[in-house]
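Asks: with the sequence up front, the predicted model follows.
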Amino acid sequence: MQENSNGEPESPVRLAHFSDLHITQKKPGWRASDVFSKRLPAWINLRLLGRGFRFRHATKVLEALAKELPTRNLNHWVFSGDATALGFEAEVQGAARLLRVGETGLPGGIAVPGNHDYFTNKSISGGAFERYFGPWQVGQRLGNHVYPFAQKVGHLWLIGVNSCTSNRWPWDASGEVGPDQLERLKQLLAQLGPGLRILVTHYPVLRANRRKEPRIRALRDLDRMLEVAAEGNIRLWLHGHRHDRFHHRPEEGSVPFPVVCAGSATQSGLWSYVEYTLNGPLLHGLRRMFDSTLGRFVDKEMFDINLSLAKTPSLGEVMG
Ligand SMILES: [Fe+2]
Ligand SMILES: [Fe+2]
């Protein structure tokens, strides 16, 4: 067991990380104006072009996840966005209800929105994500700004950053942290006390094959975000958006600190989440995958990452 700065033994912290639930409803609350928004082509993709088929068991799998999580001896739950398919309030509400967000007796959580939760300007201004996932957004922040915010869990700081914007065109799934939030993130990171810093956001740094995201799926200000994160001593970046699970280590090149993608918890065939046990800077990961025959999650794969091995000088490798 690791020791803290006072030489006392430090208890390991156990987290569950899940993402990209893409819950929808039969009647999510269509209005006439939605027909002229990017929701219509997205709905066509969902209902007619196969996306809905890939998520046809999403509700059932999320119910199984919500049943399992309280039994796994976890300290905190991490959700990295895309609760919904089309960013409707009814979808956000449904996902938060299935996850029992804010229920007493359950571990706390951290939640950031995904691009589907911020599908239209109305999805953002309506504030549904922040309302229904509010109990998982409590923490230290600057003034009244919702993002970024930081939560202390054992020897960890979990820092939630919103990386999503509404985008005009249906094919544009890119995101942005934005200069104002980046400035606040810088200030927040400068204020935090001792602790291992873990960033939680929706967008990836790189794809599983270590290539950059294509422009239409990328974080538009990734370079600046990496700079702020590295300067602020971030030791791990947790994200979703991509529906396959993978991780990158700084010792393999390409990333300045370890990065883990949870993948989708509910997409058929990929459906899994990750448990992290953090003993000091040593992270032990266990991927639990849904077994459709058993109707529950089972152990799938394990990995270990030493979070003290972040190497800040390699920014150019990923940014170049
Ligand atoms: Fe997604
Ligand atoms: Fe996404």
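Replies: Arrived safely, thanks for sending. Ligands and ions are numbered 1, 2, ... in the order given.

Asks: what parts of the stretch 51-200 of the chain come near ligand 2?
Replies: Asp82, Gly114, Asn115 (CB under 5 Å from the ion). Glycine gets a C-beta too; all of them are placed from N, C-alpha and C.

Asks: I'd like those as CSV, with pLDDT appended.
Replies: As requested, those are exported to CSV (pLDDT from 0 to 100):
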residue, pLDDT
Asp82, 97
Gly114, 97
Asn115, 95
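
Asks: can you tell me which residues contact the residue positioned nearest the centre of the chain?
Replies: Centroid-nearest residue in the chain, with CA atoms, centre = their mean: Ser80, separated by 1.4 Å. Applying CB atoms under 8 Å, 6 or more residues apart in numbering, we find Ser80 in contact with 17-20, 112, 114, 200-202, 238-241, 262.

Asks: which two among those are spaced furthest apart?
Replies: Phe18 and Thr201 (14.6 Å; CB to CB).

Asks: just the helices in the stretch 51-200 of the chain please.
Replies: Secondary structure of the stretch 51-200 of the chain (DSSP state H, counting those that start in this stretch): helices at 51-54, 58-68, 89-98, 121-126, 128-132, 179-191.

Asks: wait, His92 touches Ala83, no?
Replies: Careful, residue 92 is Val; it's not His. Yes: Val92 is within contact range of Ala83, at 5.6 Å (criterion: CB atoms under 8 Å).

Asks: what is in contact with these two at once?
Replies: Here Val92 and Ala83 share the contacting residues Asp117, Phe129, Phe133, scored by CB under 8 Å, 6+ apart.

Asks: what number of residues lie near the second one?
Replies: Translated: Phe129. Counted with other CB atoms under 10 Å, residues neighbouring Phe129 total 28.

Asks: isn't it right up against Phe119?
Replies: No: taking CB under 8 Å as the definition, Phe129 is not a contact partner of Phe119, at 10.5 Å.

Asks: OK, now which residue of the stretch 151-300 of the chain is nearest to ligand 2?
Replies: In the stretch 151-300 of the chain, the residue found nearest to ligand 2 is His241; the distance is 3.9 Å by CB to the ion.

Asks: next up, phi/psi of that residue, please.
Replies: When read as degrees, to the nearest 10, the backbone of His241 gives phi 80, psi -60.

Asks: equivalent analysis for the one 5 residues further on, please.
Replies: Backbone geometry at Phe246, expressed as degrees, to the nearest 10, gives phi -160, psi 170.

Asks: so the residue nearest to it when sequence neighbours are not counted versus Arg215, what's the distance?
Replies: Leaving aside its chain neighbours, Phe246 sits nearest to Ala208 (3.9 Å; criterion: CB to CB, 6 or more residues apart in numbering). Note on Ala208: its distance to Arg215, by CB to CB, to the nearest Å, is 18 Å.

Asks: between those two, which is the more surrounded one?
Replies: Using other CB under 10 Å, the more surrounded residue of Ala208 and Arg215 is Ala208, with 14 against 9.
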